[in-house]
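>>> All I have is the shape, not the residue letters:
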């Protein structure tokens, strides 16, 4: 399911944040969860070439499917950090594997504003 800019900003502003050396992940629980909204953001600061940015977006999309539970009732925005461009696939998987337990959990306390 696609998210528009307003929904993305809402998740970033009110969702909980998980910060890793490679990505920053924002998650916001949804009450009716017909789909798992997901957005991967890789800016030109991270990679100048579109081919590289799109590869990183595909990798993040794949990791989201692997790490978040299938029935996860949360919208997620993954924002790439500069270290992601230099990392290889095995390093990325190993680095993010330790965050599997915290991804997709229903949390009732929103991030303070």
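Received, thanks. None of the values given here were measured: they were computed from a predicted structure.
>>> most centrally placed residue in this structure?
The chain has residue 78 as the residue nearest its centroid, 2.4 Å off, counting by C-alpha atoms, centre = their mean.
>>> Now for that one: which residues touch it?
Taking C-beta atoms under 8 Å, 6 or more residues apart in numbering, we find residue 78 in contact with 23, 24, 25, 26, 38, 39, 40, 41, 60, 63, 64. Placement of C-beta: from N, CA and C, glycine included.
>>> Torsion angles phi and psi at it?
The phi/psi pair for residue 78 (degrees, to the nearest 10) reads phi -110, psi 120.
>>> Let me have the contacts of residue 78 in CSV, extended by pLDDT and secondary structure.
Converted to CSV, these look like this (pLDDT from 0 to 100; DSSP: H, G, I helix; E, B strand; the rest coil):
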residue, pLDDT, secondary structure
23, 94, strand
24, 94, strand
25, 92, strand
26, 93, strand
38, 87, strand
39, 91, strand
40, 93, strand
41, 94, strand
60, 92, helix
63, 90, helix
64, 87, helix
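>>> Which member of these is positioned nearest residue 10?
Checking the contacts of residue 78 against residue 10 by C-beta to C-beta gives residue 26 as the nearest, at 9.8 Å.
>>> I am finished for the moment; much appreciated.
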